[in-house]
Structures are given as C-alpha cells and as structure tokens.
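K.L.:
coords please:
(3 chains)
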Amino acid sequence: MKSMSLYVERESTVHHIDPITKLVYIAAAIALPIILPSLHTAWICMLISFVILGMGRVLTRSLPIIGFVGFILLTVVIIQGFFHVGNETVLFRLGSWPFYEEGLLFAMGITFRALNIVGAFLILVLTTKPSDLVESLVRKGLSPRIGYVLSSVFQIIPQMMATVDTITDAQRSRGMETEGKLMTRIKAFLPLIGPVVLSSLIDTKERTLALQVRGFNVKGSKTFLNEEKMYRYGSAMRWSMLAIVIGAVIWRVIA
Amino acid sequence: MSLIEVEHLKYRYPATEKLALNDISLTAEAGELIGIVGKNTAGKTTFCQALVGLVPHFYKGAYGGSVRIGGMDVKESGVDETIRKVGIVFQNPFTQVTGSKLTVYEEIAFGLEHLGIARQDMMERIDHALHLLDIEAYKDRAPFDLSGGQMQRMAIASVIAMRPQVIVLDEPTSQLDPQGSEEVFRAIQSLSREGITVILAEHKMEKLAAYADRIALLHEGMLIDYDTPSRVFSRSDLAEYGVEAPIYTRVCQAIGFRMLDMDTYPVTLEEAQAAYEAQHSAISASSQEEQGGRYD
Amino acid sequence: MSKRSMWSISTAALVLIPVAVGINYIGKLFAGVLKLPLWLDAIGTVLSSMLAGPVIGGLSGLINNIIYGLTMDPISFVYALTSVFIGLAAGIMAHKGWISSWGKAAVVGLVVGLTAVVISTPLNIWFWGGQTGNLWGDIVFGYVLNATKSVWLASFVDELVVDLPDKLLTVLAAYGIYRMLPKSLIHMYKNNDNIESL
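P.N.:
Numbers count the residues shown, from 1 in each chain, chains lettered A, B, ... in the order given. A predicted model of the protein is given here:
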C-alpha cells in the first residue's frame, strides 16, 4: 500500500537518534535565530541543519522541498530588494527600478531563517518513521487518543484516495465535465468530492463502535507491544541543546 | 445460572417512535452457538449490540429490561467493562481496521494495549489468536492489504485475543465473496470447538443449520421463536418473517420428507440424506412387502 | 451523566479528525485537478467543526497541518495556528446556530476568512517578510508595499485577496455536504441525551 510519509529508510546515526531529541533540535533551531537575530546566527543554524541532513544521508531527498521553498524565497528577495521599507543604498537598477542593499540583506535573513526551519523539520520528517514518532510522544505523556488520531491519518488518507480513484472514474464515464470555463469547473467540484466525503463520514460510525469494543475508552494505563527504543546519547544531546539556548539568552541579555 | 440471560429487553433509538427491540427474553449456555435470523429490520444488529452494551450506552435512547453476562448487568457495567466478557465483530471488515497499526500483528495488539495486558502475555495471546483464525502467514502484512476474508478473520482474531467468554458476530460474511465467507465460517467453527460461546447473526441459513445449537427468530424487534434449527426452520410460517429455510429443508418440505420419527424437516445435507435413505428403505421394504404379497 | 458541552471530546468526534484531514486533502487535490484558483484545503476542518464543535474543529486544523508538515510540505507547520483558528471560528459559529441556511453559511465563510487573514498576516511577516507565496497575492503585496510603505497593510491585503474568497467557498462547500448528511450521523456527535427507562 502507498504509505503517506516522506520517511527514507537509511542506515545512519541520525536515523538512530530518538524522535524526542529531534523535536528538541527543531525547537532549538527555531529559537536561536529569534534570540540572537543576526544574519550570522541564521546562516550558521541553517548550515548545521543541512550538515545533519547530509549525515543522515537524506540531503538529496530534501532538495525538491528545499527547492520549492527556495522558489518562494526568490520572490521574497525580488520584492524586498525593490520595495523593502528602509531601502536606501542602491545596488543596481533594473530599467528605472532601483534594487536596494537593505532589502537584499533583509531578504537574506528571511531566507536563511526559513531554510533553517525547513531543514530542521526535514531532519525529523525524513529520518523518523511516523509511527515511531507517535509512539514516543505517547510514551512521553501525549494522550493515546490523540496518538491514535495522528497515526490513523497516515493509513486512512490512502484508503480514502483509493475510493476517490473509483469515484472519479465513475463520474468521468458518466460524462461529467471537468474542463472548460471556470464556472463549469467550480460546478464539478462538489459532485467529485461529495460521494467520497459522505461515505467516509458514514464509515466513522462503525469505526467508532469498533474502537470502543477494542478498549479504546478503557481507563487506566496502557501497555505497549513494541519495546521502547532508547538512543544512548539522546539525553546528553537534549541537555546540551538546552544549555546552548540558555547560553544564547544570557549572551543576549549581557551583550 | 446461564452465561447469557436476557430478560424483557426493550429498546428504542433516540428520535424514533418504534421499539427496535420489544420484550426479548432468552438464555444461552456457555459453549453454545446461537444463530440469530430475521429480515433486515428485525432487530438483529440492535440485539447484537445490546449484548456488548453499545445499546444503550453508545446510542442512548430508551432502554428496559436487562442483559446479564455471567451475572454482570450490561447496562450497569457499561461498554468498557462488558468488553472484557463479550467481544463483537461487525459487518464491514474495512471499517473495523483501527488504521493506526502497520501490521496485522500490531493490529491484533491494539485491544490488548488498551486493556493494559503485559507484553509477554500479549504476545502469547496474539500468537494463539493468529493460529486459531489461521492467519499466521499474514502477520507482518499491512492490515489494509488483506483480502476481505482475511481482514474479517483479523477482526475476529483482534477480539478473540481479548479473551472474551462470548463472541458476537453481526453478519460477518455479508460483505465478503464466497471464498472469504467460507474462510470466516471455518474460523467460526474453530472458535466454537474451543468452547467459546458464539452468537451469530447471519443470512446464510445452510451454515446456521449446520453449526448452530439454537436459532433465535426475530421479527419487528420481537422474539418469535427460539429453538433448535430443525424446529425453527420447519415452521410453515417462516416466509411471513422474511426468512427462507435452508435449501435442503425447502426441497424436503416440497416432497414431504420428514425426519425419521419426528415432525420436523431435515435442515442439512446430511439430515436430508439420512431422511432420504430412511424413506427409500421404507419404500423398498413396503414395495417388497407388496411384491411378496402378490406372489405369495 | 453530565451534559456534554461544546468543549468535550467523544470517541466519535475523535474518529472524525482523521477523516477531516483526509477531506481537506481531497479538496486540495480536486481544486488542483480542476485548476481552480483556490486552495479549498480546509473543507474537512470546517465540516468537523460543524459536526462536532470548535474543539474538534481546532484539533482537526492543528493535526491537519502537522500531518501535511510531516508528509508533504514542512512549511505547513508554520500555519498550524491559522488552521486551528479556522476550526475554532467555524465551530463556534456553527454551535451558535449559524448553519441553518445558505445565507448564514456565507456569513460564517466571511468570518472564517477574516479570522484566517488576521492570524496568517503576522505569520507571513515573521516567516516570509509579509508575502503569502501565492503569485496574485504577492503581486498585490509588492504594489501596496510600494504605494503605502506599510508591510502590515501590504501583507494584510495580500492575505485578504487570497484567503477571503477561498474560505468563503470552503465553508459553502462544507455546508453543502453537511446538508446531505443523514440525521442519525449528525445526531451521533450531538449526543447529549440520557438513557430513558422503558
């Protein structure tokens, strides 16, 4: 079955690190450039995220996503370069439009910070099985009910997509128009999504019953079939990241 | 005391006028296989869900009388207590897959994890359930990748692993192809052989006739009859309740083959054969007598 | 038995969340297939709000963006807050009875749209320096920024032209589906009766 995940199965140290530590890394990677808002913090953090992606042997897999974000960031550079409030120093002119240094630097800051955040999330997303992530969150105290919701999405969406394919074929063979004028296309929208939306909503009743009789509402603590996977240096990593963030706060206050 | 005791059970769904269950009383002993028959509006599903407490606790509505399983009152105890004693499997195998587990093995563990069963015990129970339902070969497959019959057996295994005393199956084969149905029926037989009490709502009368100890005939929420398959299926007014007797019964009724020394008709192929042979030897005996008489 | 308020979570409501996320996905997919100039990727969130109230709506929105972030587009983590507020706004309006006619549903659509704009604008400024990543919106952004020199105004207008029509149609589509649902299903989520005795 098609599974819905960006996870890439590789043998690497980054893959062995537990999901919680990766979540802490994301928090640190977002926090640091906010605490120390200089262009240098932003690009250093971005570089670290990319190096970790490289160590996890998933850098090539992250390129399409980075490229997509990069494209939007390019428009940011263009718009800020021309229109940024506070633009003074002209770098060059495109016809009669001046392109400014301040805008460029501002856009660079945004670019580094955005790519850093995307990179930090990609470390988690590309090197962690979604089911492992959910299970470790539940072990850390996330409600098992919310855990269920998160992990079931990964399978229920492909199930719904299979239904979508069947219904789309049926509607097309009945001669529904899906091309042409905007109004025609808007009118086709509800008949296309309606049947699958209705049937999947109706299915929720039986799934609710089935979950209840499998003890979904039973109070008391839950047990786990899988044994907890521990990463030996996980807690050391988390503490050092916390130390770095605290260090940055102190630096900000003093300097 | 019987394992299952239903007394004057009445139930009405919220925002409806008619009683879905109207004064049903019956008992079932441990180890019995009870068939539930009746047409679609007869109340089979409602009755099945009343045995696990989904009626009334999930739907609310209006409830009267009582259902007791091993002395425990289902209405008082609620669904979460009742499921430790009674398991239920529904019609559609797809909607019963939790969707949160990646393999069949983990899927069966779902209920056990929620009941807080220790890991070692959990694995023993899962292995036993996989074996009983004959799905060991698929234990590492993704749940949604199974065929309908395999998926329904996985649903049964998931319930069986919770070690209930009673398992209720609400038309478990109605959405399966013939091969899938056959697999599920074989599985139900092995549950029954294990001594598990089985309540089976079903449209395939030939199967019920062969496996059930007793049949409950429901109509418009009322219990019309509760007796052995032979007696229930031999009723002349069966058609009024939208139920068609097994094919063997109908054939034997048409040609007037009764069970030997009884007023009921055969309900299985074996019984029909026995009845035929009895009749046949009686005919040949009498014709020999006649012949003997003529030439005497 | 305590009466359920609009802030509580039942199993039925919880099971609705993955389906809501799936509906969001399907909406987005078909908006793409039909080349509509809209996202239409919050129909499930709004439907879950209509059926099960603001908490489930908000949770659907949050989980929707987490799942998108994990599986398709990490940027959607950034906009999780917007999705939460879309669910909350639609749920509160629905609970107050604003889904009894097409006209009222349109009002819900406008309120949801404005809510989304108000929440997204600061996020846009923080993450992208004010843009939305939508071509037409960003052209407007550049124009307004140049004319007024106000990033906030430019970003607000950028988000407004993109989000308001989108959310209006999203809520109307959700309402159209809501009207088709069987009564027993709607009742399942609004179940706050007691068990009567017979």
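K.L.:
any weak-confidence spans in the chain?
P.N.:
Let's take chain A. For chain A, the stretches with pLDDT under 70 are A:1-3.
K.L.:
should've been chain C
P.N.:
If you take pLDDT under 70 as the line, chain C has these spans: C:1-8, C:191-192.
K.L.:
apply 80 and report the result again.
P.N.:
Residue ranges of chain C with pLDDT under 80: C:1-8, C:72-74, C:133-135, C:190-193.
K.L.:
which residues in it form helices?
P.N.:
Taking DSSP state H to define them, one finds helices in chain C at C:11-33, C:43-52, C:54-71, C:80-95, C:102-128, C:135-148, C:151-180, C:183-189.
K.L.:
most tightly packed of these?
P.N.:
helix C:43-52 (a mean of 31; mean count of other Cβ atoms under 10 Å in any protein chain shown). From N, CA and C alone the C-beta is placed, and that goes for glycine too.
K.L.:
before we move on, the earlier item: turn the helices of chain C into JSON lines, including distance to residue B:226.
P.N.:
Formatted as JSON lines, these follow (distance: least, Cβ to Cβ, whole Å):
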{"stretch": "helix C:11-33", "distance to residue B:226": "34"}
{"stretch": "helix C:43-52", "distance to residue B:226": "40"}
{"stretch": "helix C:54-71", "distance to residue B:226": "43"}
{"stretch": "helix C:80-95", "distance to residue B:226": "47"}
{"stretch": "helix C:102-128", "distance to residue B:226": "52"}
{"stretch": "helix C:135-148", "distance to residue B:226": "70"}
{"stretch": "helix C:151-180", "distance to residue B:226": "41"}
{"stretch": "helix C:183-189", "distance to residue B:226": "30"}
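K.L.:
list just the one of the ones you listed that sits closest to residue A:230.
P.N.:
helix C:54-71 (22.6 Å; Cβ to Cβ).
K.L.:
what about the strands in the stretch 51-200 of chain B?
P.N.:
B:62-69, B:72-73, B:86-89, B:166-170, B:197-201 (DSSP state E, counting those that start in this stretch).
K.L.:
just name the most buried of those.
P.N.:
Counting by mean count of other Cβ under 10 Å, the most buried of the strands of the stretch 51-200 of chain B turns out to be strand B:86-89, with a mean of 27.
K.L.:
do it and chain A meet?
P.N.:
Yes - using Cβ under 8 Å from any Cβ of the partner chain, strand B:86-89 reaches chain A at B:87-88.
K.L.:
for that strand, give the mean pLDDT please.
P.N.:
Strand B:86-89 shows a mean pLDDT of 97.
K.L.:
count of neighbours near the residue in the stretch 1-150 of chain A that chain C sits nearest to?
P.N.:
Going by Cβ to the nearest Cβ, chain C is nearest to residue A:121 of the stretch 1-150 of chain A, at 4.0 Å. When counting by other Cβ atoms under 10 Å in any protein chain shown, one arrives at 27 neighbours for residue A:121.
K.L.:
so for residue C:66, which of the strands of the stretch 51-200 of chain B sits nearest?
P.N.:
strand B:86-89 (32.8 Å).
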